[in-house]
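Q: Need coordinates for the following:
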Amino acid sequence: MIFQLSKATKQRRFNSILAEVLERNASLGQPQVFRSREYTEPALFIHSYPNGRQVLIEVNTENSEEKAIKVLV
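A: Presented below is the predicted three-dimensional model:
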């Protein structure tokens, strides 16, 4: 059972699965989405694309629409 695994083993398994998912998403051209300390408003996220492009995105909390605010890189 997973609850009986050590913390280190759980972390290794998680990292392995995460690496596979990130690689698959990159091959599909999908961005990694994350928050930034620089942009702290709740609805702001950064989309980082496999080609290196980064875009600041604002998400409408009413309908989940995304709007590009600024190209960062």
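
Q: could you pull out the helices for this structure?
A: 7-27 (DSSP state H).

Q: Spatially central residue for it, please.
A: Nearest to the mean C-alpha position of the chain, by C-alpha atoms, centre = their mean, lies Val33 at 2.9 Å.

Q: List the residues that contact that one.
A: Residues near Val33 by C-beta atoms under 8 Å, 6 or more residues apart in numbering: 45-48, 57. Bear in mind the C-beta positions are built from the backbone N, C-alpha and C, glycine included.

Q: starting at the chain centroid, how far to stretch 23-32?
A: 10 Å (C-alpha atoms, centre = their mean, to the nearest Å).

Q: Can you get me the start-to-end distance on it?
A: 10 Å (C-alpha to C-alpha, to the nearest Å).

Q: And the contacts of that stretch?
A: Contacts for stretch 23-32 (C-beta under 8 Å, 6+ apart): 22, 47-50, 55.
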